[in-house]
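Asks: Got a predicted model here, sequence first, then my questions.
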Amino acid sequence: KGLTVAGYEVEVTDDEIDTRIEQELEEAASSQEVAKGSPVKEGDTVNIDYVGKKDGKKFDGGSAEGYDLEIGSGSFIDGFEDGLIGKKIGDKVKLELTFPEDYGEASLAGQDVVFNVTINSATRMTVPEYDLDYVKNTTEYDSIAAYEKAVEKEIYKEKEAEEISNQQTELWSKVLEDTEVIQYPEKELDYYIQFNSDQMDDMAEQYGVSREDMLANYDFGSEEEFAAVNEDSRKLRVKQEMLIEYIADKEELKYTDEEAEEMIASFEQMGYDEEMVKSQTGHDMDSYVRIELLY
């Protein structure tokens, strides 16, 4: 075919292996109950009762019982979560705080308040220690060396797959560039130009703006500019589909009914039914699956 593509080299570093193992340890972390009398730390989820008062009186929305709060989440006003760090499970804590000036509830904006908080309990995410016991209990390997070798192999495969995908993209781009379309099918061209225009209208309706505003949002200065880009877009799209069909015919590429059914099932699992595929691609399910499988 006269096509060439740059080669690739794949290397996996010790740092990449360490990072992957750290990620897997974090994914294996479990929630543990913090012992009564232990200090609260950032990241803990504390169960609290609290009563908020302004000028000695309770205010609406300022009290709760059995509330789960992640320390460091920023869910409460400044000072609330920080005021619990270092306090012990079982403590009763008095927090003298001030609501921000721009707080949504006008009656509380900029106001001094007091929260009386009881720390009922807390849980903490605990990351397992990386040792031989962890490897034996959570993986299929009997040694740290074997486990790390498997991690290295997994990363290698991922990086190699990415390189191969880049090669495929490069080759496809060359084929597209080197292919001349003698004649475009007007029916498909007309369909896609209307399809792209309808999508712009649908998005404008979805966001409650005018078509003009939606065009501007995508940096189209005018309908003429959008039409010119739409023209190029539809030709590229039709050219790609023609080229897929052309190569498939020349190379006698086939796919089985089972492969088609499997792809349809995978789309449906992701929530892409016939109607959604049609609205997003312009194809019915069967023709879209055909193009995807042949490609």
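Replies: In hand now; what should we look at?
Asks: where exactly do the helices run in the protein?
Replies: Using DSSP state H, the helices of the chain run over residues 14-27, 132-138, 144-178, 186-207, 211-217, 223-250, 257-269, 274-281, 285-294.
Asks: got the buried residues for the second one?
Replies: Within helix 132-138, the residues scored as buried using 16 or more other Cβ atoms under 10 Å are 134-135. For glycine as for every other residue, the C-beta is placed from the backbone atoms N, C-alpha and C.
Asks: Which neighbouring elements make contact with that helix?
Replies: helix 144-178 (3 or more Cβ pairs under 8 Å, 6 or more residues apart in numbering; DSSP states H and E).
Asks: The helix it packs on vs helix 14-27, what angle?
Replies: Put simply, helix 144-178 runs at 110 degrees to helix 14-27, going by axes from the mean of the first three to the mean of the last three Cα atoms, to 10 degrees.
Asks: ok now helix 144-178, how far from the chain's centre?
Replies: 21 Å (Cα atoms, centre = their mean, to the nearest Å).
Asks: by contact count, what packs against that helix?
Replies: helix 14-27, helix 132-138, helix 223-250.
Asks: Report the rounded mean pLDDT for it.
Replies: In this model, helix 144-178 carries a mean pLDDT of 96.
Asks: any idea how far residue 74 is from residue 5?
Replies: Plainly put, residue 5 is 49 Å away from residue 74 if you go by Cβ to Cβ, to the nearest Å.
Asks: neighbour count winner among those two?
Replies: residue 5 (13 against 10; other Cβ atoms under 10 Å).
Asks: is it true that that one touches residue 172?
Replies: No - counting by Cβ atoms under 8 Å, residue 5 stays clear of residue 172, with 10.4 Å between them.
Asks: Correct me if wrong: residue 49 contacts residue 66.
Replies: Yes - judged on Cβ under 8 Å, residue 49 makes contact with residue 66 at a distance of 6.8 Å.
Asks: intersection of neighbour lists for the two?
Replies: residue 120 (Cβ atoms under 8 Å, 6 or more residues apart in numbering).
Asks: higher neighbour count, these two?
Replies: residue 49 (15 against 9).
Asks: and that one, what is it in contact with?
Replies: If you count contacts by Cβ under 8 Å, 6+ apart, then residue 49 has 64-67, 117-118, 120 around it.
Asks: swap the cut-off to 10 Å and go again
Replies: Residues counted as contacts of residue 49 (Cβ atoms under 10 Å, 6 or more residues apart in numbering) are 63-67, 92, 116-120.
Asks: do you know how far the residue lying closest to residue 211 once chain neighbours are set aside is from residue 82?
Replies: In this structure, residue 211 finds its nearest non-sequential neighbour in residue 204, 4.8 Å apart by Cβ to Cβ, 6 or more residues apart in numbering. Between residue 204 and residue 82 the computed distance is 45 Å (Cβ to Cβ).
Asks: Next: residue 30.
Replies: 26 Å.
Asks: Settle it for me: which of those two has more neighbours?
Replies: residue 82 (13 against 10).
Asks: still on that earlier bit, okay, and which of the contacts of residue 49 map to strands?
Replies: Residues of the contacts of residue 49 located in strands (DSSP state E): 63-67, 92, 116-120.
Asks: Make a PyMOL selection of the buried ones in these.
Replies: Selecting only the buried entries of the ones in strands among the contacts of residue 49 in PyMOL, with 16+ other Cβ under 10 Å as the criterion:
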select buried, resi 117+119+120
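Asks: List the buried residues of stretch 4-24.
Replies: 12, 17, 20-21, 24.
Asks: For residue 197, state which of the residues you listed is nearest.
Replies: When the buried residues of stretch 4-24 are compared for distance to residue 197 (Cβ to Cβ), residue 20 wins out at 46.2 Å.
Asks: which residues touch the nearest residue to that closest one once chain neighbours are set aside?
Replies: Residue nearest to residue 20 in three dimensions, not counting chain neighbours: residue 151, with 5.4 Å by Cβ to Cβ, 6+ apart. For residue 151, the contact set (Cβ under 10 Å, 6+ apart) comprises 12, 16-21, 24, 139, 141.
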